[in-house]
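Trainee: Dropping the sequence and predicted coords here.
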Amino acid sequence: MSIEVKNLLKAYGEQKAVNDISFHVNKGEIVGFLGPNGAGKSTTMKMITGYLQPTAGEAKVCGINVAVQPVETKKKIGYLAELNALYYDMYVKEYLAFVAAVHDVQNAKEAIQNVITTVGLTTEAGKKIGQLSKGYKQRVGLAAAIIHQPEVLILDEPTSGLDPNQIIEIREVIRQQGKDKTVLFSSHILQEVEALCDRVIIINKGQIVADDKLANLQVANSSTQTIIVSFKEQVNENLLKQLGGIKSIHTSEMQGATVFKIQCDDADAVKKNILQLAVDQYLNIISLQTEANNLEAIFRSLTGEKNEAAIK
């Protein structure tokens, strides 16, 4: 396992910022680390990278205990902190040369040019960091995190400050890095997590409330299911309401077709009823599908007030 966290605890007096959590991340995994503000995400990441000492428990990177061999583990890690600390008076290439020297990178000039191309800094490479936009400063931080080809990437809000086009570009960088590295990253942009991750870890009030593949969470946290059906003909909503098992229906028109978004408890049963209705009423179904419970709904379910009350 590239990252192993066991019974990790960080307390500030009586307050437990991270409360006895355990998880692992394997090589080649891109795992989303999610939670509300103040849930303990950044604190956990800082303990994994050795920037913060735990009160109890341990974190290992590539089998090495972070607290026992901090220098060795830092060689294995590329870290982009949420507050991306940079030297604003240094030029981009100058700063990356400095980081490469710290990591004793061989063929540093080639490595710098490669990483500048990888993160899309080519047009800004001749500028001082202080002259860059927030988005490009974020790219400099990402370049510094990967310049030494680490085995593990810890990325805290890597797309912060980027515009939609830049987000897509950085998403692809992370995806490519994840092919042969372990990537643990946090983001408040849940669509990014859905696009990049098969697995997510959700932390709330210092405790892990979910650690599973996204597909499994979608099933486990779906008390209400959604069916989307569209007909070629104009169909009266009341016809569908008579089927039974339906909680609510939202109707819309799309390219001349009637589209119904149906909330229900048993999607399979309702879909069978819709198919039978189409046969009985001579209706033409254009599409009939079950909509997956999205990550936003899962996140709200696991970190909302009801859940908070349950774990206190």
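Mentor: Received it, and whenever you're ready, just let me know what you need. Numbering: from 1, shown residues only.

Trainee: need the helices for this protein, in chain order.
Mentor: 41-49, 70-76, 92-102, 108-119, 134-146, 164-177, 190-196, 214-220, 237-241, 267-281, 295-303, 305-311 (DSSP state H).

Trainee: Present those as TSV; the columns should include mean neighbour count, distance to Gly57 and mean pLDDT.
Mentor: For glycine as for every other residue, the C-beta is placed from the backbone atoms N, C-alpha and C. Below are these laid out as TSV (neighbours: other Cβ atoms under 10 Å; distance: least, Cβ to Cβ, whole Å; pLDDT from 0 to 100):
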stretch	mean neighbour count	distance to Gly57	mean pLDDT
helix 41-49	24	9	95
helix 70-76	16	15	93
helix 92-102	17	28	96
helix 108-119	17	34	95
helix 134-146	22	25	93
helix 164-177	16	28	88
helix 190-196	17	25	87
helix 214-220	15	25	77
helix 237-241	13	53	89
helix 267-281	15	41	91
helix 295-303	19	22	81
helix 305-311	11	19	40
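
Trainee: Can you add distance to Ala56 and give the ones you listed back as CSV?
Mentor: CSV is the format used below for the helices of the chain (distance: least, Cβ to Cβ, whole Å):
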stretch, distance to Ala56
helix 41-49, 11
helix 70-76, 17
helix 92-102, 31
helix 108-119, 37
helix 134-146, 28
helix 164-177, 32
helix 190-196, 29
helix 214-220, 28
helix 237-241, 56
helix 267-281, 45
helix 295-303, 24
helix 305-311, 19
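
Trainee: Out of these, which is closest to Glu4?
Mentor: helix 41-49 (9.4 Å; Cβ to Cβ).

Trainee: which residues are contacting the closest one?
Mentor: 3, 5, 8, 10, 17-18, 21, 33-35, 52-54, 59, 61, 66, 73-74, 77, 79, 81-82, 154, 156, 184, 186, 203 (Cβ atoms under 8 Å, 6 or more residues apart in numbering).

Trainee: Now for the nearest residue to Glu29 once chain neighbours are set aside, how many residues are close by?
Mentor: Among residues not flanking Glu29 along the chain, Thr182 sits closest, at 6.0 Å (Cβ to Cβ, 6 or more residues apart in numbering). For Thr182, the count of nearby residues is 26 (other Cβ atoms under 10 Å).

Trainee: Verify the stated contact: Thr182 with Ser2.
Mentor: Yes: here Thr182 lies in contact with Ser2, judged by Cβ atoms under 8 Å, at a distance of 3.6 Å.
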